[in-house]
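*Asks:* predicted model follows, preceded by the sequence.
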Amino acid sequence: MSQSLTTRLLHADRLAGVEHGAVHKPMHTAATYSYPSASELIAVFQGQASGYVYSRQGNPTGASLESKLVMMEEARAAAVFSTGMAAISAVFLSLLKAGDHLVSSRFLFGNTNSLMQTLQGLGVSVSLVDATDVAHVEAACRPETRMVFVETIANPRTQVADLAGIGALCAQRGLVYVVDNTMTTPMLLQGREVQASLVVHSLSKGIGGHGHALGGAVVDTGLFDWSAYPHIAEPYRKGDPKGWGMTQIRKKGLRDMGATLRAEDAHRLAVGAETLALRVARTCANALQLAQWLSAQPQIARVHYPGLPSHAEHERAARLFKGQFGCLMSIELREGLDPLAFLDALQLVILSSHLADNRTLAIPVAHTIFWEMGQAQRAAMGIAEGLIRLSIGIEDLADLQADFAQALARI
Ligand SMILES: *Cc1c(COP(=O)(O)O)cnc(C)c1O
């Protein structure tokens, strides 16, 4: 009998065997692990026996979360990191070298966009294209292109990348295809469905959900042939080539760079993940109804939400995300109305830069998260100066609608 993801997540720890019949794995906060003999310690170090050596490169509490991510993505392997940005940095820095070329989206999470500039400083060239059409990605590819990196639903304007088309292109050309699945979570999309090689997640967002722990993950879907990838270092070209990429990401990106997830946070994120299906269903339903209601308000000029038929990629989103459209939307008020006054008038909705929390959050985009890049780049990314980003939570819809209604009435 094949059980649902939620059922399997809830029982995973217990069925893997925990002392005293505990329903959760204990939190292992030990920095280091010991062995009764030198030969056993050596076997673990040399990869001939499985085990833990020093917590920076892996510990049992992180491993329990990793096994749940593998379950969620129906993937081959996962590694967890201290933050989503640490996970993304680990992918780039462990797999790319100076002289390589990376294709990514013009519509990217702001800090990932900033990281692209760091990469360019290290000699990796980067092309940022409109990834809603695979033709733009294909046109940007060069002989030295190694990797394509896209997000599922772009923040804050909610463009939906041509995920399946890019997957087919990458498979045909042997490119590593990295999909940031943070905004959709495995509930809306599994990376393997669009032929992703690697999936990255900010666990700080929907998977954790409660806004009380940071974390990130890299997941290997098992679809990429690492034996054909030229930058896998000699010591990691051992055993099944399907494992080579993850070994290098763990050794270089986690062990050497050191952005390890704390056991306390791994435990919190794993507990949060148990209710992911419930929370996603609720936030998606709330967001769709609010998007429809906001579109009908005379003070609102535009609502960007993939669940609305007016959205450019609505049909693609409906097909890929199984009829759910996520918790993220952005809105523009009518000319002459002050977005900051609207935000100040909100009483229940919180002004915050976080995303995919249980609570509903709002932020003026141009003044905050996209401030550093300047107006010209914002315009190129399609970000209006008055754009307000909303991340819809699990509150009662009527309470949220009442708060937006009273705030709109006051401006
Ligand atoms: C938040 C976010 C990240 C970064 O994750 P952190 O855990 O905050 O470091 C990366 N990608 C996307 C799409 C995000 O929303």
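*Replies:* Looks like it came in fine. Worth saying up front: this structure is predicted, and the values here are computed from it rather than measured. Numbers count the residues shown, from 1 in each chain.

*Asks:* make it CA atoms for all contacts and neighbour counts henceforth
*Replies:* Noted.

*Asks:* quick one, what contacts the closest residue to the ligand within the chain?
*Replies:* In the chain, the residue found nearest to the ligand is G84; the distance is 3.4 Å by Cα to the nearest ligand atom. G84 makes contact with 200-204, 214-217, according to Cα atoms under 8 Å, 6 or more residues apart in numbering.

*Asks:* can you give me the strands in the stretch 1-150 of the chain?
*Replies:* Under the criterion DSSP state E, counting those that start in this stretch, strands of the stretch 1-150 of the chain are mapped to 77-81, 101-105, 125-129, 145-151.

*Asks:* can you say which of the ones you listed is packed in most?
*Replies:* Ranked by average neighbour count under the criterion mean count of other Cα atoms under 10 Å, those are headed by strand 77-81 at a mean of 27.

*Asks:* that one vs the ligand: in contact?
*Replies:* No - Strand 77-81 lies apart from the ligand when judged by Cα under 6 Å from any ligand atom; the minimum separation is 9.0 Å.

*Asks:* how far is that strand from where the chain is centred?
*Replies:* 13 Å (Cα atoms, centre = their mean, to the nearest Å).

*Asks:* do the same with stretch 352-360
*Replies:* Centroid separation for stretch 352-360 versus its chain: 14 Å, with Cα atoms, centre = their mean.

*Asks:* how about stretch 278-292?
*Replies:* 19 Å.

*Asks:* could you do stretch 67-75 as well?
*Replies:* 14 Å.

*Asks:* kindly report the same for stretch 191-211.
*Replies:* The chain centroid and the centroid of stretch 191-211 are separated by 4 Å under Cα atoms, centre = their mean.

*Asks:* just the terminal-to-terminal distance for it.
*Replies:* Stretch 191-211 has an end-to-end distance of 24 Å (Cα to Cα, to the nearest Å).

*Asks:* do it and the ligand come into contact?
*Replies:* Yes - shown here: stretch 191-211 in contact with the ligand (Cα under 6 Å from any ligand atom) through 202, 204.

*Asks:* what's the answer for stretch 358-378, then?
*Replies:* No - residues of stretch 358-378 are not located near the ligand by Cα under 6 Å from any ligand atom, the shortest gap being 11.0 Å.

*Asks:* before we move on, which element is G239 in?
*Replies:* In the assignment (DSSP states H and E), G239 maps to no helix and no strand.

*Asks:* any idea of the pLDDT on it?
*Replies:* At G239, the pLDDT value in this model is 91.

*Asks:* how about L328, nearest residue that isn't a chain neighbour?
*Replies:* Closest residue in space to L328, ignoring its immediate chain neighbours: S391 at 4.8 Å, by Cα to Cα, 6 or more residues apart in numbering.

*Asks:* for A281, same thing?
*Replies:* Q324 (7.8 Å).

*Asks:* return the residues in contact with that neighbour.
*Replies:* By Cα under 8 Å, 6+ apart, Q324 lies in contact with 188, 281, 284-285, 307, 318.

*Asks:* three-state assignment of it?
*Replies:* Classification of Q324 using DSSP: H, G, I helix; E, B strand; the rest coil returns coil.

*Asks:* over to R302?
*Replies:* Following three-state DSSP, we place R302 in the strand state.

*Asks:* repeat for the one 4 residues further on
*Replies:* Reducing the assignment to helix, strand or coil with three-state DSSP, the entry for P306 is coil.

*Asks:* show me what contacts it?
*Replies:* With contact set as Cα under 8 Å, 6+ apart, P306 has these partners: 158-160, 312-314, 317, 325.

*Asks:* show me these that map onto helices.
*Replies:* Of these, the ones assigned to helices by DSSP state H are 314, 317.

*Asks:* buried only: go through the contacts of P306 for me.
*Replies:* 158-160, 312-314, 317, 325 (16 or more other Cα atoms under 10 Å).

*Asks:* now the helices for the stretch 251-400 of the chain?
*Replies:* 263-273, 276-295, 314-320, 339-345, 375-380, 397-409 (DSSP state H, counting those that start in this stretch).

*Asks:* return the most buried member of the ones you listed.
*Replies:* helix 263-273 (a mean of 22).

*Asks:* that one versus helix 276-295: what angle between them?
*Replies:* 70 degrees (axes from the mean of the first three to the mean of the last three Cα atoms, to 10 degrees).

*Asks:* hmm, helix 263-273 touching the ligand?
*Replies:* No - applying Cα under 6 Å from any ligand atom, one finds helix 263-273 separated from the ligand by no less than 11.5 Å.

*Asks:* can you pull the residues of the stretch 1-150 of the chain lying near the ligand?
*Replies:* Residues of the stretch 1-150 of the chain that fall close to the ligand, judged by Cα under 6 Å from any ligand atom: 83-85, 109.

*Asks:* verify the stated contact: L269 with G206.
*Replies:* No - L269 lies out of contact with G206 (Cα atoms under 8 Å); the separation is 9.7 Å.

*Asks:* give the closest residue to the residue nearest the centre of the chain in space, chain neighbours not counted.
*Replies:* The chain has T182 as the residue nearest its centroid, 2.4 Å off, counting by Cα atoms, centre = their mean. Using Cα to Cα, 6+ apart and skipping the chain neighbours, the partner closest in space to T182 is H201 (4.8 Å).

*Asks:* count of residues packed around that neighbour?
*Replies:* Other residues lying near H201 total 29 when counted by other Cα atoms under 10 Å.

*Asks:* how far off strand 145-151 does the helix or strand hosting it point, in degrees?
*Replies:* Using DSSP H and E, H201 sits within strand 198-202. If you take the same axes, to 10 degrees, strand 198-202 sits at 40 degrees to strand 145-151.

*Asks:* quick one: average pLDDT of strand 198-202?
*Replies:* Computed over strand 198-202, the average pLDDT equals 98.
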